[in-house]
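J.: for reference, the sequence and a predicted model appear below.
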Amino acid sequence: MSNACACGRGQDKRPVHIVIIELHHHSELIQNLIRVLDLERFEMSLITVPEVLEKVDVVWADEADWLSAFCKGEDETVVSFIERMRPVFESADLLYFNTVRHFWDELCNIPFSAPAIIRIHNAHADLAPASHFDRPLLKFPAIFSHVLRRVWIAGEWRQRTRFFSHISYFMFPNQAITDYVSEQGWVSKGRILPPVMPFGFLGDRDHPVKKAQRERVTIAITGKVTNAKKDYHLVYQALKQCISKLKVPLRLVLLGKAADRQAARIVADFKSLESGKFSLDYSNNYVSSDEFDKKVFDVDFLLAPIKVQTHFRKYREVYGKSKMSGIENDILLYRKPSLVTSGYVISGDIDKAVEYFEPTPESLAESLISWVNHGEYQNLGAAFNEMNNYRPEIVAESFYGLCEKLIPSGPAKSKH
């Protein structure tokens, strides 16, 4: 993150003290939040747990003037932690719940003395669970057990409804999901905020200059190597059809951990195709952010064989409608054009750096041949220069303006 001095952070504006609550995971989103909020007149307090804090790459002492973190003790209950943090909550201009998966009842103990925003990651599971069980006939025993234990006995749905009654506003990852939820009427339109704080932002790196002669084209699939969310078999079948038709060698990089048995079968399929025309790069271990950045720098374009129909816990989700894929963040952050499954439609300016393929081996093979042989991806590189709304400084400015409107009397509270 940047090390901006106070004079570069909108010193002429009144500070907005935003308290971020993250008791689950998504440390990478916290990292992105810090990177953006650092560019405007914010004071940020992070309320979190050790497993999140240790993955946030920040030298906290260097940012003490505007950024602080409070961590739950190892043996401390969530209720006790919330009570200990009461002064921090009461000093907030805005409360911002980055992820809420559990602790619905405990979180109701927070003093909601400021407007509260929640980020929704799985719209079906959180807003309309009863009508979105995943394959209810096939999975009836597991779903019945879930409803009996979690819903009826533990009261999860009731607790979540009670917690949502304290929430002032809902924010979704992108415009497509925002529009979908608004159309369904699960949240009143007055409580739905525009997605001015996206999950990702436009990276600093300029798009590589077009290569006059390409000795090899490198593509990458990001994320953990599993067939649960991406169709690796589709990619394998497409490569079988097109490798012999490529004019230059193709290198496939799997930018995610490939360690379990399913991943081993996926890797074995791809390795069976290796030749002078095709090579594979993968890792059996967790791919660190440094290693990820190093490998993605040499990538010409991304490939996203998304399985649009997915699930979260016992609930059916649809990528592009109720849930967002991380490919949108990767396209922006690394300025890489991408081939994306046609069922996952990206709205807004990011779409200018994307071409869609039907989820068939023939369609993907055709797209790969076109992009590799004719450099189609290079023609999309200029699109990133038109994505000003995703620049960190523009995102920060837009979010600050939104916060000013949401705070009843304007930002005035002093930090704890």
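T.: Sure thing, it's come through.

J.: what residues does stretch 137-156 touch?
T.: 104, 105, 133, 134, 136, 157, 313, 314 (C-beta atoms under 8 Å, 6 or more residues apart in numbering). Just so you know, the C-beta spots here come from the backbone N, C-alpha and C atoms, and that holds for glycine as well.

J.: among these, which two are most distant?
T.: Farthest apart among the contacts of stretch 137-156 by C-beta to C-beta are 105 and 136. That separation is 26.7 Å.

J.: out of these two, which sits in the busier spot?
T.: Comparing residue 105 with residue 136 by neighbour count (other C-beta atoms under 10 Å), the higher total belongs to residue 105, at 17 against 13.

J.: is it correct that the more buried one falls within a helix?
T.: Yes. Under DSSP: H, G, I helix; E, B strand; the rest coil, residue 105 sits within a helix.

J.: can you list the contacts of stretch 137-156 in a markdown table and add pLDDT and secondary structure?
T.: Listed next are those as a markdown table, based on pLDDT from 0 to 100; DSSP: H, G, I helix; E, B strand; the rest coil:
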| residue | pLDDT | secondary structure |
| --- | --- | --- |
| 104 | 94 | helix |
| 105 | 94 | helix |
| 133 | 92 | strand |
| 134 | 90 | coil |
| 136 | 86 | coil |
| 157 | 93 | helix |
| 313 | 91 | coil |
| 314 | 93 | coil |
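
J.: list the contacts for residue 277?
T.: Neighbouring residues of residue 277 by C-beta under 8 Å, 6+ apart: 243, 244, 246, 249, 250.

J.: switch to 6 Å and redo it
T.: 243, 246, 249 (C-beta atoms under 6 Å, 6 or more residues apart in numbering).

J.: quick check, pLDDT for it.
T.: The per-residue pLDDT reported for residue 277 equals 95.

J.: among the contacts of residue 277, which ones are in strands?
T.: In strands, judged by DSSP state E, none of the contacts of residue 277 are found.

J.: in PyMOL, how would I select the buried members of those?
T.: The buried residues among the contacts of residue 277 can be selected in PyMOL (16 or more other C-beta atoms under 10 Å) with this line:
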select buried, resi 243+246+249
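
J.: so can I have a markdown table of the contacts of residue 277 showing pLDDT?
T.: Listed next are the contacts of residue 277 as a markdown table, based on pLDDT from 0 to 100:
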| residue | pLDDT |
| --- | --- |
| 243 | 97 |
| 246 | 96 |
| 249 | 96 |
